[in-house]
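Trainee: take a look and give me a structure for this.
(chains A, B and C)
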Amino acid sequence: MSAPATRPEPTADECAAADAKATFDSLRPHLDTLVARYPQRAAALLPVLWHVQRARGWLTPRSIREIAEYVAVPQAQVEGVITFYTMFQDHPVGRDVVMVCKTLSCRLRGAEAVADALEDHFGVPMGGTTADGRYTFEAAECLGLCDMAPCMLVVDADRYGDLTPESAVKHLEDRS
Amino acid sequence: MGLSPRLLAHAPPIGGRQTLDEYLSHGGYEGLKKALSMKPDDVTQMVLEAGVRGRGGAGFPAGRKWSFVPKNTGKPVYLACNADESEPGCFKDRQIMERVPHLLIEGCLVACHAIGAETAYIYIRGEYPQAIAAVEAALDEARAKGHVGANVLGRGGRCDVWVHQGAGAYVCGEETGLLSSIEGGRGYPRIKPPFPAVEGLWGCPTIINNVETLANAAVIVRDGVEAFRSAGDDDTTGTRLVGISGHVEKPGDVEIDPATTTIRELIEVHAGGVWKGRELKAVIPGGSSVPVMPAAAIDVPFTYGAVQAAGSLAGAAGVIVLDETTCMVDALVNLMQFYHHESCGQCTPCREGTGWLEKLVTRIWRGEGTLRDIDLLDSVADTVGGAQQGKTICFLADSAVMPTKSFLKHFREDFVKAVEEGGSPVFRARRKRGAAAGAGA
Amino acid sequence: MSMVKLTIDGCEVEVQPGSTVIQAVRAMGADVPHYCWHPGLSVSGNCRICLVEVEGMPTVQISCNLGVRDGMVVHTQSAKARAARKDVMELLLINHPLDCPICDQAGECKLQEYSFEFGSDGSRFAFPKVHKQKHVRFSEKVTFDAERCILCTRCVRFLDEVAGADELDIVNRGDRNEIAVARGGELESPYQMNVIDVCPVGALTSTDFRFKSRVWFLKQTRSVCPGCSRGCNVTVGARWNRLLRLVPAENAAVNRWWMCDDGRFTYKAVAAGERLGAPLVRRGGALEETTWDEALAAAVDGLRKCGVDLVGVISARLTNEEIHLAASVLDEVGARARGHVSRTCAQDDLLRTGDGNPNAAGAALMGVPAGVPSLDGAKGAFLCGDDLDGDAAALAALDGLEFVLYAGTHETATMRRAHVVLPGVTSFEKDGSFTNVDGRVQRVQSVVAAPGDALPDWK
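Mentor: Residues are numbered from 1 along each chain as shown, chains lettered A, B, ... in the order given. As a prediction, the model looks like this:
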């Protein structure tokens, strides 16, 4: 969502590479446990999207079709949901997505300098992915980590707070 | 002052999680045991008498909310815990989820018993992986010990509690947007009526409570009404968890007695004072959506009523502190970017208006505005919404309008200066950096 | 249940309990501006233009979702209500393109209508508008312009709630929201063109009709769709004596606000193929043009000679009046059998009946049952409005007859076997009535003039 609207469509190779990470059938057993938590199948859409995205890195066109069929929700609606939430990715992203908070409490404590340092060091603007495919950076609205502002979050993984331009770069360089 | 914390009593510091055994050793799940021995209506009555108001921001009495659930509809009743803590400046619910998750789970179980629900969903924002992991781990423990599941505490009642992970949308913290999201949809707030207590999740009666509200419910039943009311006053009963951030020495979370703790004390005593020895300029006391208060207005206790009387709202208790060097135009641009980005786009005034507000403030921020643009900003804010207008489905647009109006009211001189001096100092510094780096601003 | 009494703009109104305020306002013959609300769809409450003031309520209320209560006092025209609606109107327009001069919706656009009522003479919005996709193909029938769209979701709700096909949804968020079909997909519903009608602005347009004519130049005539036995009420638009479109006309008892896409294209048959423009008689093996008088004389002569050995095929696509007249001719001659050609069409639970004859019920009521009677042993046949082109055996049987009278609109194989041909007109070219599948008799009106000397069969 935070990436520019003119993003190129994913290539067939990119889609195939993501789809190859996990077959949908291999995901089904866990997905079935998610569906069981709700009185209606469609309600499992968000958890199902999360699970497939974790397994494949991002939500490929094939994933979207498979998910739509699995939760019995029209494809147009699944796409509506994916594009509504910033954390669902329907384009290829880096191995880690780094959300760099830009909202007030962080801004007051130097978030802008942190974002600048990350952009300069990794050579990509917010919304972009490093050339080696390691990180995708996103300018994020409040992450709820105002007590450790300025902060950033590696999606589904670690958070880093009390950042300085230097420490922000170092944290990411130190991640394996 | 001198308050012994209740919610965060025995809470490990950030990074640690109280286990089930630790929780039990401090009287954990005693409240649930007590609740299960009571009639559901008596539990609701107890919460009503305790007077606890919703800690998510609106401050609606929780007991009254519970009493709205219609009886004998033949439909299941659901509890939805609002843990989509997304209001800029707020991080208090995260403390409960990460550090004392069993307190939240116990609160959910107590509420479920009171309202007759067998299923609760804890909607945690996707940006909180640590909180999600902590609550999931606690739920695993609770299920293993029979606190959650088919036979709660061996009394034959079923109560399932599931975590539902959000995926990045502020509007899902609006209680009906949250319901849309649990049902698997875009997080669109819903028109009312019907009200969720009558028709919520899947058309069934549903109660939506904030994390801290539910944690308090567990405390109320465990300690009793009188003990609960020993903190706070008649307007704001019990303690409040307050997050303090921005220009302070020690940002963080503190549990206070709202009746005896002023905003000034929150800053000076609990957060180590304004940072770098600077003077205070302004405080946004309840999360970014509430009106900003000038420094002179902060000698008020942190109760709903007192803060409101002082011209703002205690809201979700996210105190954002702004020091004397802050350009208020820059702060407002930042907030307008937030509301524009987070508007769900469902209804006209918010979809169109939040973007307009951002564009107008940005023009002033960039030094491209005129003095008339300042008045225009004020007037467009009225066009978009505001408290007690009713133009929009939910309060998101009003949440953009309230800061705008109050920033202009209290800090108009910053806007005038930006017009007269070629933009906000922050913008000008940024342009210099851009020029130095050989790029555009 | 007793009626609810409330006061709207000073008038006391009684409405059914469970009504909403907007329904109450309309029941008294007035209206409240509305975009997202549609009487045939669920309440969405997103456009916010139907705001009204209600005494005792601190905020303005959307009248589409506000239930009536006894004693309620509503003001639709108070300063507060008008100011709130004016605010919403201004916001609706800030990102809306100013392309009314080339917009197909111009003239029947609710944005234009309410701007006229509430709008200001200038905009306070001095920024580039949000740009979105334009002329997006939703299908071969429907074209979408995202910049004109006001996100009222009527189209989404129509497909979901009425057509049972969730083919549209909204993607993105906030002011980048757009209506969209699934990536790589298209609209497939046989009722998809209704989204064009429900669209209150120029976002969804008919690929077939767009740019053909400004709507205010259309001659609009209320009539009945000839596509099937449902008899959907339609408004037929024509210009320069050419049919340009069919859109549904509201009729709560028949088609409500809708019609199927097949029905919309029935007008195309009128100008397709070779129309018959003059009466013909067979002379020395060839059909030659003649006058009506001569043709009729030849017809009467031929029919009389056949007498009881005449078989009549009277189309259920004709009007009741025509069928009655043709049947009288058969009675007069003493024809031994009669019937009409059965036609099937798509069938579903919404509107399409599966019976492709618009007047099957009328024909049956007048003794012209479904099915072509046997031509075995017959001397002659009177084919009125129907042809036998779909039935090779029957067509071959015509060759063995002494006399074939054909009254129809187009050149067909059947017509080429006739001895006398009388040129007829389509249902868009005549007045009359159809009886629909439920026995409802509905008026058909002439929209355009027929080619040449063709006349309705009753003339």
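
Trainee: may I see the domains of the chain written out as residue ranges?
Mentor: Using chain A. A:12-84, A:96-174 (automatic domain parsing).

Trainee: that's the other chain; I wanted chain B
Mentor: Split by automatic domain parsing, chain B gives B:20-229, B:240-323, B:328-436.

Trainee: quick one: which of those is nearest chain C?
Mentor: domain B:328-436 (2.7 Å; C-beta to the nearest C-beta). (Each C-beta comes from the backbone N, C-alpha and C, glycine too.)

Trainee: buried sites along stretch A:14-26?
Mentor: Buried residues in stretch A:14-26, defined by neighbour count with 16 or more other C-beta atoms under 10 Å in any protein chain shown: A:E14, A:C15, A:A18, A:D19, A:A22, A:F24.

Trainee: the fifth one contacts A:Q53, correct?
Mentor: No: between A:A22 and A:Q53 there is no contact under C-beta atoms under 8 Å: 10.7 Å.

Trainee: which of the buried residues of stretch A:14-26 come close to chain C?
Mentor: When C-beta under 8 Å from any C-beta of the partner chain is taken as the criterion, no member of these contacts chain C.

Trainee: and of those, the nearest to chain C?
Mentor: Ranked by distance to chain C (C-beta to the nearest C-beta), the buried residues of stretch A:14-26 are led by A:C15 at 12.1 Å.

Trainee: can you give the distance from the lowest-mean-pLDDT helix or strand in chain C to the centre of its chain?
Mentor: The helix or strand of chain C with the poorest confidence is helix C:110-118; it has a mean of 83 (mean pLDDT, DSSP states H and E). Relative to its chain's centre, helix C:110-118 lies at 26 Å (C-alpha atoms, centre = their mean, to the nearest Å).

Trainee: touching, B:G385 and B:D398? I think so.
Mentor: Yes: using C-beta under 8 Å, B:G385 is in contact with B:D398, at 4.6 Å.

Trainee: shared neighbours of these two, anything?
Mentor: Listed as contacting both B:G385 and B:D398 by C-beta atoms under 8 Å, 6 or more residues apart in numbering or on different chains are B:T392.

Trainee: quick revisit: next structured bit after the least confident helix or strand of chain C?
Mentor: Remark: after helix C:110-118, the chain's next helix or strand is strand C:136-137, criterion DSSP states H and E.

Trainee: tell me which strands and helices that next one is in contact with?
Mentor: Applying 3 or more C-beta pairs under 8 Å, 6 or more residues apart in numbering or on different chains; DSSP states H and E, one finds that strand C:136-137 makes contact with strand C:142-144.

Trainee: and the strand it packs on, which strands flank it?
Mentor: strand C:136-137 (antiparallel), strand C:204-206 (antiparallel) (DSSP bridges).

Trainee: could I get stretch B:391-410 in CSV with only the CA atoms?
Mentor: The C-alpha trace of stretch B:391-410 is given here as CSV (Å, rounded to 0.1, in the frame of the first residue of the first chain):
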residue,chain,number,x,y,z
LYS,B,391,-21.4,14.0,8.9
THR,B,392,-19.5,10.8,8.9
ILE,B,393,-20.0,7.1,9.8
CYS,B,394,-17.2,7.0,12.4
PHE,B,395,-15.0,9.5,14.2
LEU,B,396,-11.9,9.3,12.0
ALA,B,397,-12.7,12.6,10.2
ASP,B,398,-13.6,14.3,13.5
SER,B,399,-10.2,13.0,14.8
ALA,B,400,-8.5,14.9,12.1
VAL,B,401,-10.6,18.0,12.6
MET,B,402,-10.1,18.2,16.4
PRO,B,403,-6.3,18.6,16.3
THR,B,404,-6.5,21.0,13.3
LYS,B,405,-8.9,23.3,15.0
SER,B,406,-7.1,23.3,18.3
PHE,B,407,-3.6,23.7,16.8
LEU,B,408,-5.0,26.8,15.0
LYS,B,409,-6.7,28.0,18.1
HIS,B,410,-3.7,27.8,20.4
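
Trainee: and the strands paired with strand C:142-144, which is most packed in?
Mentor: strand C:204-206 (a mean of 23; mean count of other C-beta atoms under 10 Å in any protein chain shown).

Trainee: what about the residue in the stretch 51-200 of chain C positioned nearest to chain B, helix or strand, and which?
Mentor: Closest approach between the stretch 51-200 of chain C and chain B, counting by C-beta to the nearest C-beta: C:T59, at 2.7 Å. Following DSSP H and E, one finds C:T59 outside all helices and strands.

Trainee: ok, it touching B:A387?
Mentor: No: applying C-beta under 8 Å, one finds C:T59 not in contact with B:A387, separated by 9.3 Å.

Trainee: tell me the SS of the residue lying closest to C:Q445 once chain neighbours are set aside?
Mentor: Of all residues not flanking C:Q445 in the chain, C:S223 sits nearest, at 4.7 Å (C-beta to C-beta, 6 or more residues apart in numbering or on different chains). Secondary structure for C:S223, judged by DSSP: H, G, I helix; E, B strand; the rest coil, is strand.
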